[in-house]
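Asks: Here is my input, please return the structure:
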Amino acid sequence: MRCSLASSIAVTCATVLALPVSLAAPAAAAVPSALGLPPAATAQPPAPELPGATQSLPLEPLDAGDRSLGGGADDADVQGLTRRDVRPFSLVGVVWDDPAAALHGVVQVRTRATGGGAWSEWQDVETHNEEHGADPDTAEGHGRALKGSTAPLWVGDSDGVEIRVRGDEPLPEGLRLELVDPGEAPGGTPAQDPAQEPETTATPATAATAAAEAAAVTAVTKASWSRTTAGSLALAGLSAAQAAVSGVNTQLAPFGSAWIPALSKEATELTLPFAPAPGEAQAPHVAPHVLPDEAQAPDEAQAAEAQAPAEAQASEQLAAAKPYIGPRPKIITRAGWGADERIREKGFVYTKTIKAAFVHHSATGNNYTCAQAPSVLRSIYRYHVQSSGWRDFGYNFAVDKCGNIYEGRAGGVAKPVLGAHTLGFNTNSMGIAVLGTFTKSNPPAAVVTAVARLTAWKLGLHGVNPKGSAYLVSGGGNLYKKGSTVKLNAIAGHRDGFATECPGARLYGKLGTARTSSAKYQGRS
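Replies: Down below sits the predicted model:
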């Protein structure tokens with residue numbers, strides 16, 4: 001938030017805080033626009049849920065003339081589908097019955113642009129996706145709906161498809177092609193590159209501005225919460241499912257907001273924690289990590305983590321004595337990118353804390369515009385939940401190539417939500433997926449900056465130095481056996497916890513820069 005806020009805003013904030021609840025809500029409605037905050041939802045019938053759709057087509061053995069994938073044995077197991085017309089879609093993936101079975105081979109697709117456009121060249125689909133997902137010992141990790149799956153691939157608006165899959169070993173049973181239509185984009189979704197606020201040096205003037213800024217944000221969020229709890233969900237224009245997701249973020253922005261606004265470092269520190277006034281009803285999300293419908297993550301690893309080296313404990317004690325929290329970045333909410341809250345599992349699952357951030361690439365390709373990023377997210381979300389059988393979007397956050405940051409898995413962006421991103425290391429960590437493929441392509445500078453800003457804030461909430469180390473207990477994987485305590489960078493790549501190419505060599509090579517920048521955003525030398 002810029003440091004040029006008018007002094008009149010502070011007066012408005014004080015007035016809002018002094019008014020009774022019945023009057024505070026109308027007064028607070030004028031505050032968001034003055035601060036650049038998203039407006040609270042107004043009284044209106046709930047908007048219809050975004051439609052979206054998934055076509056699931058079983059693969060078939062291919063005839064000799066349709067089997068060629070540029071080499072391989074003539075008797076290789078090859079399945080697929082020949083060219084055909086289908087309903088419009090924008091993202092493709094392949095799933096199979098047994099989530100423990102791996103697809104060893106090659107998957108290639110080509111698509112036709114909607115409206116009689118040209119057919120694309122053959123495109124490779126990343127087959128190694130088992131390393132993304134819930135840990136095996138969690139409820140999500142052994143759910144009956146789970147499927148094996150490739151990574152999803154964004155192909156853009158298409159209505160024709162052809163696919164061929166060749167196995168170096170016998171292919172898994174039940175191969176199906178998933179064609180995902182993301183549905184219409186929500187109105188007003190902020191898809192542009194967000195303006196990065198200049199760094200400022202703390203002075204009495206900036207401290208006063210930050211206090212006014214923090215008070216204004218608090219006024220808006222308190223009024224929003226009071227309206228919704230005192231009235232009904234219809235007043236906020238939200239369904240029950242939407243309100244549940246928005247409710248865990250009302251500490252940061254009004255109900256139904258399309259984005260959570262950026263704050264200066266000083267204002268970020270002043271708005272934490274959010275405490276209700278004496279006698280005021282307390283929002284359920286204010287209680288640390290406790291929600292009425294919450295399911296807690298397993299604590300099996302806690303005893304082992306207690307044995308982590310003394311240097312980690314000393315680091316945490318130092319952070320507690322002098323907290324370093326980066327300025328909160330602008331975060332586009334699930335409402336902002338149009339998540340259909342009906343399709344995920346109900347409730348939220350939390351881990352104990354956040355000790356590390358794992359950076360990923362989505363492997364969906366780079367052929368999207370930043371205006372299309374919400375559609376890419378809705379497609380991945382639908383693929384994770386309805387095609388792959390996960391409880392929700394797998395990653396805690398996503399970043400597009402313009403540096404926009406998005407809320408991922410539901411449960412509250414400031415909370416330690418248990419994700420399904422790094423098999424074996426989901427507990428006490430968070431996952432950030434950069435939309436794209438960065439094996440051979442360099443990530444834009446805006447991506448690295450966004451990762452640094454996000455981690456400076458989120459790791460800072462938990463006293464973590466982005467340039468430091470974290471000790472996590474493995475839940476099992478192909479690098480570390482289950483139960484072993486592993487030392488990792490606080491900002492790690494997916495490949496640090498699992499043998500995989502993710503997040504791509506080019507993005508992985510930028511993580512050192514992200515660590516240094518993140519620490520500077522926190523105010524560390």
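
Asks: For residue 339, pull up the helix or strand it's in.
Replies: Residue 339 belongs to no helix or strand when assigned by DSSP states H and E.

Asks: and residue 518, what does it touch?
Replies: When contacts are counted by CB atoms under 8 Å, 6 or more residues apart in numbering, residue 518 is found next to 326, 451-453, 455-456, 459, 466-467, 491. Quick note: C-beta positions are derived from backbone N, CA and C, even for glycine.

Asks: Just give me the closest of these to residue 373.
Replies: Residue 373 lies nearest to residue 451 out of the contacts of residue 518, by CB to CB, at 15.4 Å.

Asks: The closest one: how many residues sit nearby?
Replies: For residue 451, the neighbour count with other CB atoms under 10 Å is 30.

Asks: Report the secondary structure element holding it.
Replies: helix 445-461.

Asks: May I ask which helix or strand encompasses residue 433?
Replies: strand 429-434.

Asks: Now do that strand and helix 445-461, the angle between them.
Replies: Here strand 429-434 runs at an angle of 170 degrees relative to helix 445-461 (axes from the mean of the first three to the mean of the last three CA atoms, to 10 degrees).

Asks: pLDDT on strand 429-434, on average?
Replies: Strand 429-434 carries an average pLDDT of 98.

Asks: Outside of it itself, list whatever touches it.
Replies: Against strand 429-434 from outside (CB under 8 Å, 6+ apart): 351, 354-362, 394-401, 408, 416-417, 419, 421-422, 443, 447, 451, 454-455, 458, 470, 472, 503, 507.

Asks: go again using 6 Å as the cut-off
Replies: 354, 356-362, 395-399, 419, 421, 447 (CB atoms under 6 Å, 6 or more residues apart in numbering).

Asks: ditto for stretch 478-497
Replies: Residues contacting stretch 478-497 (CB under 6 Å, 6+ apart): 304, 356-360, 422, 425, 455, 464, 466, 468-474, 476, 498-500, 502-503, 508, 511, 514-515.

Asks: So which of those residues are in strands?
Replies: Mapping the contacts of stretch 478-497 onto strands (DSSP state E) picks out 356-360, 469-473.

Asks: Could you export the residues you listed as JSON lines, including pLDDT, distance to residue 62 and neighbour count?
Replies: Listed next are those as JSON lines, based on pLDDT from 0 to 100; distance: CB to CB, whole Å; neighbours: other CB atoms under 10 Å:
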{"residue": "356", "pLDDT": "98", "distance to residue 62": "44", "neighbour count": "27"}
{"residue": "357", "pLDDT": "98", "distance to residue 62": "43", "neighbour count": "27"}
{"residue": "358", "pLDDT": "97", "distance to residue 62": "38", "neighbour count": "29"}
{"residue": "359", "pLDDT": "98", "distance to residue 62": "38", "neighbour count": "31"}
{"residue": "360", "pLDDT": "96", "distance to residue 62": "32", "neighbour count": "25"}
{"residue": "469", "pLDDT": "97", "distance to residue 62": "50", "neighbour count": "18"}
{"residue": "470", "pLDDT": "96", "distance to residue 62": "47", "neighbour count": "24"}
{"residue": "471", "pLDDT": "97", "distance to residue 62": "49", "neighbour count": "19"}
{"residue": "472", "pLDDT": "96", "distance to residue 62": "44", "neighbour count": "27"}
{"residue": "473", "pLDDT": "94", "distance to residue 62": "45", "neighbour count": "23"}
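
Asks: Looking at those, which is nearest residue 148?
Replies: residue 360 (18.7 Å).

Asks: Spit out the contact partners of the closest one.
Replies: Counting by CB under 6 Å, 6+ apart, residue 360 has contacts 433, 494, 502-503.

Asks: Most neighbours out of the residues you listed, which is it?
Replies: That'd be residue 503 among those, by other CB under 10 Å, with 31 neighbours.

Asks: Would you map the helices across this structure?
Replies: Ranges of helices within the chain are 7-18, 21-28, 31-35, 204-230, 233-236, 240-247, 265-270, 302-305, 310-321, 334-337, 373-382, 445-461, 505-508, 511-521, based on DSSP state H.

Asks: Show me the longest strand that occurs in this protein.
Replies: Criterion DSSP E: the longest strand present in the chain is strand 77-96.

Asks: one step back: send me the helix holding residue 451 as PDB with only the CA atoms.
Replies: Coordinates of each C-alpha in helix 445-461 appear next as PDB, following Å, rounded to 0.1, in the frame of the first residue of the first chain:
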ATOM      1  CA  ALA A 445      11.800 -12.000 -13.500                       C
ATOM      2  CA  ALA A 446       8.300 -11.300 -12.200                       C
ATOM      3  CA  VAL A 447       8.000 -14.900 -11.200                       C
ATOM      4  CA  VAL A 448      11.100 -14.900  -9.100                       C
ATOM      5  CA  THR A 449      10.000 -11.600  -7.500                       C
ATOM      6  CA  ALA A 450       6.500 -13.000  -6.700                       C
ATOM      7  CA  VAL A 451       8.000 -16.200  -5.100                       C
ATOM      8  CA  ALA A 452      10.300 -14.000  -3.000                       C
ATOM      9  CA  ARG A 453       7.500 -11.600  -1.900                       C
ATOM     10  CA  LEU A 454       5.100 -14.500  -1.100                       C
ATOM     11  CA  THR A 455       7.600 -16.500   0.900                       C
ATOM     12  CA  ALA A 456       8.900 -13.400   2.800                       C
ATOM     13  CA  TRP A 457       5.300 -12.900   4.100                       C
ATOM     14  CA  LYS A 458       4.100 -16.500   4.600                       C
ATOM     15  CA  LEU A 459       7.400 -17.900   6.100                       C
ATOM     16  CA  GLY A 460       7.700 -14.700   8.100                       C
ATOM     17  CA  LEU A 461       4.400 -15.400   9.800                       C
END
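
Asks: looking just at contacts, which helices and strands does it meet?
Replies: The elements that helix 445-461 packs onto, with contact taken as 3 or more CB pairs under 6 Å, 6 or more residues apart in numbering; DSSP states H and E, are helix 511-521.

Asks: give me that answer again for 7 Å
Replies: strand 356-361, strand 397-399, strand 429-434, helix 511-521 (3 or more CB pairs under 7 Å, 6 or more residues apart in numbering; DSSP states H and E).

Asks: what is the orientation angle of it with helix 511-521?
Replies: 50 degrees.

Asks: What mean pLDDT does helix 445-461 get?
Replies: 98.

Asks: For residue 246, list the residues it contacts.
Replies: By CB atoms under 7 Å, 6 or more residues apart in numbering, the residues touching residue 246 are 238, 255-256, 335.

Asks: for stretch 441-457, which positions count as buried?
Replies: 443-444, 446-457 (16 or more other CB atoms under 10 Å).

Asks: From the residues you listed, pick the one nearest residue 437.
Replies: The closest of the buried residues of stretch 441-457, once distances to residue 437 are taken by CB to CB, is residue 443, at 10.2 Å.

Asks: Next, give phi and psi for residue 250.
Replies: phi -70, psi -10 (degrees, to the nearest 10).

Asks: Can you get me a residue count around it?
Replies: 25.

Asks: Distance check, the residue lying closest to residue 156 once chain neighbours are set aside against residue 114.
Replies: Excluding its sequence neighbours, the residue lying closest to residue 156 (CB to CB, 6 or more residues apart in numbering) is residue 90, at 5.8 Å. Distance of residue 90 to residue 114, computed by CB to CB, to the nearest Å: 9 Å.

Asks: Check residue 239 too.
Replies: 30 Å.

Asks: now swap in residue 238 and tell me
Replies: 32 Å.

Asks: Between these two, point out the one with more neighbours.
Replies: Neighbour count, other CB under 10 Å: between residue 238 and residue 114, residue 238 has more, with 23 against 15.

Asks: right, and that one touches residue 254 too?
Replies: No: contact criterion CB atoms under 7 Å: residue 238 and residue 254 do not qualify, at 10.9 Å.

Asks: Pull up the distance across stretch 477-496, start to finish.
Replies: 11 Å (CA to CA, to the nearest Å).

Asks: That stretch: which residues count as buried?
Replies: 477, 479-480, 485-486, 488-496.

Asks: Which of the residues you listed fall within strands?
Replies: 485-486, 488-489, 491-493.

Asks: JSON lines for these, including distance to residue 374 and pLDDT?
Replies: JSON lines is the format used below for these (distance: CB to CB, whole Å; pLDDT from 0 to 100):
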{"residue": "485", "distance to residue 374": "39", "pLDDT": "95"}
{"residue": "486", "distance to residue 374": "35", "pLDDT": "95"}
{"residue": "488", "distance to residue 374": "31", "pLDDT": "97"}
{"residue": "489", "distance to residue 374": "30", "pLDDT": "97"}
{"residue": "491", "distance to residue 374": "26", "pLDDT": "98"}
{"residue": "492", "distance to residue 374": "27", "pLDDT": "97"}
{"residue": "493", "distance to residue 374": "26", "pLDDT": "96"}
